[in-house]
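Peer 1: Everything below, folded, please.
(one chain, ligands or ions: 1)
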Amino acid sequence: MSDFTSVGHDDNTAVMHIFRSVSHRDHHVLELDGGRLVDSWESPDRADIVDAACDAAGFASTTVETRLVFDRALAEQVHDPDYVAFLEGAHRRWVDEGNDTPCAMAFGWPARRFRDVVPKTLEAQLGYYSFAADCSISANTWEAITGSASAAIAAADHISNTGVSTEAAPVAFARCRPPGHHASRDQFGGYCYLNNSALAAQRLRNNGAGRVAVVDVDYHHGNGTQDVFYHRFDVLHASIHGDPAEEFPYFLGYADETGEQAGEGCNRNVPLARGTEATDWFDALDSTLTWASSGGDNGPPPDALVVPLGLDTYVDDPISHFRLRSEHYLELGQRLAEVGLPTVLVLEGGYATEALGTNVVNVLTGYSGG
Ligand SMILES: [Zn+2]
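Peer 2: Numbering: from 1, shown residues only. Take a look at the predicted model:
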């Protein structure tokens, strides 16, 4: 459990508390986009803009100290321990091998009919442990991703610690950067390295939640979170996203992926076409929240909710194609609050930086009854 104390209140309105790290600022990497190596869309400005907007709106926040909060054992419950060690050491190895470019990046991947074997060299392991060239590793990436993970862990601990003493279901917002929902058990990609939302869900389980539902509202499929929990009964996963036939991550996120083995019936994908309007999107949200809060296709209802919160469903997002407007994020917050479960909101994507602060604040305000 964490060192964080609960935030007391005596009415039935949810009190939003924000957890964030500052170690993200030096994580600014390159991505391959349109045939060019460019600065990543996933920029430090995103988090700074969200922080400024949340502060201006008066939300309480805690800046986490990674050395106190990051939990290696938890990370190794969610991810392959060898993958975690790879992330930690990759940039040091990149420098030691004489590379004078700022970011370690893969150029070859184990595609169809290749062998699933762990290679020895760094350049080969970069391909083995990733799935996309939109994502690279800089000198400060490990500090940023462990800080981001710590925000999610602290938020999960906060709602665990607050749960027993308040009338309203506790809620926290983990302002994570870099995001996490594309990171699978052993692959980075889509700007994601450690899966912050999966870490929050696993932490809630470790803290005593019998079952946890993850409902991903980012524009892109939560392929990483699906991968982590695909065979498990204790964590439901649902995602509403751009159809993978035309949108990243392209190779996962179809409606017929329903979970396997113990996880059969515990995964739900709702792919939607480019240009989907808010009315249809909210219909998908409502049916997905009903599915998740009732326990998926089978089993008891969950005790807690984790929401990978992407704001790239916004109409003017530069890399996405749904049509939600700023006022719709108030409604999103209200719908999530109506579920009535202890909830961790985890920041994922959202690249229209000029509107990102407003849109995040609207979700938090809508959730808080504003
Ligand atoms: Zn996204």
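Peer 1: Which residues are in contact with whichever residue of the stretch 101-250 of the chain sits closest to the ion?
Peer 2: Residue nearest to the ion within the stretch 101-250 of the chain: residue 220 (3.6 Å; Cβ to the ion). To be clear about C-beta, it is placed using only N, CA and C from the backbone, and glycine gets the same treatment. By Cβ atoms under 8 Å, 6 or more residues apart in numbering, the contact set of residue 220 is 181, 182, 190, 241, 242, 247, 248, 249, 310, 312, 320, 349.
Peer 1: What pairs with the lengthiest strand in the chain, parallel or antiparallel?
Peer 2: If you go by DSSP state E, the chain has its longest strand at strand 235-242. Strand 235-242 has its sheet partners listed here by DSSP bridges as strand 212-216 (parallel), strand 267-272 (parallel).
Peer 1: Just put these in JSON lines and tack on mean pLDDT and distance to the ion.
Peer 2: Below are the strands paired with strand 235-242 laid out as JSON lines (pLDDT from 0 to 100; distance: least, Cβ to the ion, whole Å):
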{"stretch": "strand 212-216", "mean pLDDT": "99", "distance to the ion": "9"}
{"stretch": "strand 267-272", "mean pLDDT": "98", "distance to the ion": "13"}
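Peer 1: which element is the closest residue to residue 40 other than its chain neighbours on?
Peer 2: The shortest distance from residue 40 to any non-neighbouring residue, by Cβ to Cβ, 6 or more residues apart in numbering, is to residue 31 (4.6 Å). Assigned by DSSP states H and E, residue 31 belongs to strand 30-33.
Peer 1: Kindly report the same for residue 174.
Peer 2: strand 171-175.
Peer 1: Run through the neighbouring helices and strands of that strand.
Peer 2: strand 16-20, helix 44-56, helix 141-162, strand 343-347, helix 353-367 (3 or more Cβ pairs under 8 Å, 6 or more residues apart in numbering; DSSP states H and E).
Peer 1: can you list these in TSV and add mean pLDDT?
Peer 2: Output for the helices and strands packed on strand 171-175, formatted as TSV (pLDDT from 0 to 100):
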stretch	mean pLDDT
strand 16-20	98
helix 44-56	97
helix 141-162	97
strand 343-347	98
helix 353-367	97
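Peer 1: With mean neighbour count as new columns, can those be given to me in TSV?
Peer 2: Below are the helices and strands packed on strand 171-175 laid out as TSV (neighbours: other Cβ atoms under 10 Å):
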stretch	mean neighbour count
strand 16-20	25
helix 44-56	18
helix 141-162	27
strand 343-347	30
helix 353-367	22
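Peer 1: Redo those as TSV? Include distance to the ion.
Peer 2: Formatted as TSV, the helices and strands packed on strand 171-175 follow (distance: least, Cβ to the ion, whole Å):
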stretch	distance to the ion
strand 16-20	19
helix 44-56	12
helix 141-162	15
strand 343-347	11
helix 353-367	12
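Peer 1: count of residues packed around the residue in the stretch 201-350 of the chain positioned nearest to the ion?
Peer 2: Nearest residue of the stretch 201-350 of the chain to the ion (Cβ to the ion) works out as residue 349 at 2.9 Å. By other Cβ atoms under 10 Å, the residues close to residue 349 number 27.
Peer 1: residues in contact with the least confident helix or strand in the chain by mean pLDDT?
Peer 2: Every helix and strand in the chain was compared by mean pLDDT, DSSP states H and E; the lowest is strand 30-33, with a mean of 88. Here strand 30-33 makes contact (Cβ under 8 Å, 6+ apart) with 37-42, 102-103, 105, 133-136, 191.
Peer 1: quick one: strands adjacent to that strand?
Peer 2: strand 36-39 (antiparallel).
Peer 1: C-alpha coordinates for the strand it pairs with, CSV please?
Peer 2: This file holds the C-alpha atoms of strand 36-39, laid out as CSV (Å, rounded to 0.1, in the frame of the first residue of the first chain):
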residue,chain,number,x,y,z
ARG,A,36,10.7,11.1,-42.0
LEU,A,37,12.2,11.0,-38.6
VAL,A,38,10.5,13.7,-36.6
ASP,A,39,9.9,14.8,-33.1
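Peer 1: mind listing what the most far-flung residue of the chain relative to its centre touches?
Peer 2: Computed with Cα atoms, centre = their mean, the residue of the chain farthest from its C-alpha average is residue 98, at 33.4 Å. Residues counted as contacts of residue 98 (Cβ under 8 Å, 6+ apart): none.
Peer 1: Which of the three states applies to it?
Peer 2: coil (DSSP: H, G, I helix; E, B strand; the rest coil).
Peer 1: Nearest approach to residue 68 belongs to which of the helices and strands packed on strand 171-175?
Peer 2: When the helices and strands packed on strand 171-175 are compared by Cβ to Cβ, helix 141-162 sits nearest residue 68, at 8.1 Å.
Peer 1: what angle sits between that closest one and helix 44-56?
Peer 2: 30 degrees (axes from the mean of the first three to the mean of the last three Cα atoms, to 10 degrees).
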